[in-house]
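**Student:** fold the following for me, if possible:
(4 chains)
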Protein chains: 2
Amino acid sequence: MGTTIIDVAKKAGVSKSTVSKVLNNTPYVSEKAKTSVLKAMIELDYIPNSIARNLVKNRNTPIIGLIVSDIVNPFFPEIARGVEDTARIKNYSMVLCNTDYDLRKEENYINFLLQIRASGIIFASTRIHDSIIYGLKKIKYPFILLSRIHSIIETDFVDVDNELGANIAVKYLIDKGHKKIAHITGPLDTSPALQRLNGYKNTLKENGIEYDEDLVMTGDFRESGGYECAKKLLIINRKKRPTAIFAANDLSAMGAMEAIYSLGLKVPDNISIIGYDNIHISSHPSINLTTINQPKYEMAKIATEILIDKSENKIPPQKKSQIVLKPSLVERKTVQEIQ
Amino acid sequence: MGTTIIDVAKKAGVSKSTVSKVLNNTPYVSEKAKTSVLKAMIELDYIPNSIARNLVKNRNTPIIGLIVSDIVNPFFPEIARGVEDTARIKNYSMVLCNTDYDLRKEENYINFLLQIRASGIIFASTRIHDSIIYGLKKIKYPFILLSRIHSIIETDFVDVDNELGANIAVKYLIDKGHKKIAHITGPLDTSPALQRLNGYKNTLKENGIEYDEDLVMTGDFRESGGYECAKKLLIINRKKRPTAIFAANDLSAMGAMEAIYSLGLKVPDNISIIGYDNIHISSHPSINLTTINQPKYEMAKIATEILIDKSENKIPPQKKSQIVLKPSLVERKTVQEIQ
DNA sequence: CTGTTAGCGCATTCAT
DNA sequence: ATGAATGCGCTAACAG
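**Tutor:** Numbering: from 1, shown residues only, chains lettered A, B, ... in the order given. The predicted model follows:
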């Protein structure tokens, strides 16, 4: 470490500009100079300092920040993989920032990314203070929301139609004969949770089923939340126990399954359950969770491409890309038809 | 973006040195100057360029690179979380680099991290070319191996005693009456896979069970590999079908379970299975996988702390930290006692 | 083709 | 207490 362009220049017996030129593949360098510089570089284990290069070129650091709320939720590693693959193709790297649902951590990360002049930020289904969004917009910093939208402020985003997803899920349950359908929500200050709840309500209505607020439990997109909600649903409301649960994501569906088992009940024999996300584990035959698929890799890919294009000014800043993909049903074994 | 210290200086009517001083909390700055600088900073949305700061301070970028082979394996998000939490406390960030088992990707990432002058690299159970390790050592670049060791080259590492883990697993099966115990390995060019295989062999030997190479299948630490291996184990060797399988990690154990189910068999009724890692999902009542726990978060924490101490020269470069933690048995429901 | 000069954004002496 | 000057590692004119 610490070998600079000057060390190389000395060793090769040329000026540092010449070294810089071979580094940048500038045409007009004599073969002789080139080879001697290359040789010196190898001998000195020279590693160009890209930080300094970007500084003088007045370019941002080729890093995309991906801010996620919970890296242990398998939804996010799949997103991360998509972002990372896409970024790499365009010669960017990804910094993964895990907030653990902590708003202060999130702010810290944003500051960090700003300070290292990262090329842009992807907010993957995190809540963000409006003030932060305004701040980012004000300084024209490239960012995009993934699996999240903002109802008031215009931003770029890539999302999946959450209402439609919830619609498909609940309609499926209804078609299977279910009428007492519970819903375990996500945190209600996030748009996907809210939209799925709306989809749930609307679909009930459209099918002539009365909305019963006792059948809706506020979860947190985590297993533990799903567990708690399902417990309440099954114990407290014993008289009007639901025959099916629509969980706002697979993780809470799995938590709910835990609760159901712990009460000696079975899925789907005693109670049907449908999730949302289609994380990989849901397809395992031990789980076999019927769920709504989100095209995770594709979402991540699209968001990354848009962000990078923005950062490279290939898309004018004022143009907003607002992509909404379609969810789809993945039929497995956790929903049973009832009479 | 683009606001510099000079813009702030102009606006505040001071020199850029003064601005720099308030930025760095240097004592001798008049209250008056300070407030006017602070005011200008806010008005201009000034964000200090930490890249430039690190450059002049001749410090590395406060980023730790974490190189993992497969971010979709839940083992790694848990590691990532540990690294990230620990790094953050010490004011570092983490760049997650997912190689998808691709050596070229790995090299690319290393180059990238070197070029941005990241403070160090954690290699989480990836294979690395020896030449790379030598290269890193030669330039005295801080790095540490996590869940992996190198048999020849002296490096820092944090590992869990893999032989002991395999020992515990296989002994447990033997104590439950199993004699025909198969093993699905990891990729055999990685140390954990090799050591677990050794542990498997040794434990059989110590207990007077003859080693049968037909009962050992080379997997890849992935679900698909576990699936394929189990299929072979169950179909091809129908006559000497094992009564138990020791899988080199939970993911392949889950793949094996899939294969078992697909043949109409049951776990643990027809065949017992024990995994390795204790990833979170294994505790789900639908899976309930008996396994060997690795203290993932702790490993990550320790490795990160050592790496940062190295990077900050709090540990002399020549001193090698070689930590070996203890695995432990997590008894669940996938192993059955037989007569 | 090559070297000199200037400057990216900032911190740090060293005078004043 | 403040500012001018110098330089971190590098690129980009420019002149030679």
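**Student:** next one: A:Met293 from B:Asn207, what distance?
**Tutor:** Actually, residue A:293 is Asn rather than Met. In this view, A:Asn293 and B:Asn207 are 47 Å apart by C-beta to C-beta, to the nearest Å. In this view, the C-beta of every residue, glycine as well, is placed from N, C-alpha and C.
**Student:** show me where chain A has strands.
**Tutor:** A:61-68, A:93-98, A:118-124, A:143-146, A:157-160, A:181-185, A:216-218, A:244-247, A:272-274, A:291-293, A:322-325, A:328-330 (DSSP state E).
**Student:** so which of those is the most packed in?
**Tutor:** strand A:244-247 (a mean of 31; mean count of other C-beta atoms under 10 Å in any protein chain shown).
**Student:** and it, average pLDDT?
**Tutor:** Mean per-residue pLDDT for strand A:244-247: 98.
**Student:** same deal with stretch A:9-28?
**Tutor:** 92.
**Student:** which of the residues in that stretch are buried?
**Tutor:** A:Ala9, A:Lys11, A:Ala12, A:Val14, A:Lys16, A:Thr18, A:Val19, A:Ser20, A:Lys21, A:Val22, A:Leu23 (16 or more other C-beta atoms under 10 Å in any protein chain shown).
**Student:** for the first one, which non-adjacent residue is closest in space?
**Tutor:** Nearest residue to A:Ala9, sequence neighbours excluded (C-beta to C-beta, 6 or more residues apart in numbering or on different chains): A:Lys16, at 4.3 Å.
**Student:** what sits against that neighbour?
**Tutor:** A:Ile5, A:Ile6, A:Val8, A:Ala9 (C-beta atoms under 8 Å, 6 or more residues apart in numbering or on different chains).
**Student:** from A:Asp130, how far off is the most centrally placed residue in chain A?
**Tutor:** Centroid-nearest residue in chain A, with C-alpha atoms, centre = their mean: A:Ala124, separated by 3.5 Å. Separation of A:Ala124 from A:Asp130 (C-beta to C-beta): 18 Å.
**Student:** likewise for A:Ile338?
**Tutor:** 44 Å.
**Student:** of the two, which one has the most company?
**Tutor:** A:Ile338 (14 against 11; other C-beta atoms under 10 Å in any protein chain shown).
**Student:** which residues are in contact with the more buried one?
**Tutor:** A:Lys176, A:Gly177, A:His178, A:Thr243, A:Ser272.
**Student:** and for the third one, the neighbour number?
**Tutor:** A:His178 has 24 neighbours, counted by other C-beta under 10 Å.
**Student:** now the helices for chain A?
**Tutor:** If DSSP state H is used as the criterion, the helices of chain A fall at A:5-12, A:16-23, A:31-43, A:50-57, A:75-89, A:103-115, A:130-138, A:162-175, A:191-206, A:223-235, A:250-262, A:296-311.
**Student:** which one of the contacts of A:Ile338 is nearest chain B?
**Tutor:** A:Ser272 (15.2 Å; C-beta to the nearest C-beta).
**Student:** go ahead and confirm that closest one touches A:Asp175.
**Tutor:** No: in this structure, A:Ser272 is not within contact of A:Asp175 by C-beta atoms under 8 Å, at 11.7 Å.
**Student:** surely A:Arg241 and A:Lys180 touch.
**Tutor:** Yes: because the distance of 7.3 Å satisfies C-beta under 8 Å, A:Arg241 is recorded as touching A:Lys180.
**Student:** ok, what's across the strand from the residue nearest to the centre of chain A?
**Tutor:** Under DSSP bridges, the beta-bridge partners of A:Ala124 are A:Val68, A:Leu146.
**Student:** next to DNA strand D, which bits of the stretch 1-150 of chain A? Give me the list.
**Tutor:** For the stretch 1-150 of chain A, the residues in contact with DNA strand D (C-beta under 7 Å from any atom of the strand) are A:2, A:4-6, A:16-17, A:19-20, A:23-24, A:48-49, A:52-53, A:55-57.
**Student:** now the residue of the stretch 151-300 of chain A found nearest DNA strand C, nearest residue through space, not along the chain?
**Tutor:** For the stretch 151-300 of chain A, the residue closest to DNA strand C is A:Asp156, as judged by C-beta to the nearest atom of the strand, at 25.2 Å. The spatial neighbour of A:Asp156 that comes closest, neighbours along the chain excluded (C-beta to C-beta, 6+ apart), is A:Ile144 at 4.3 Å.
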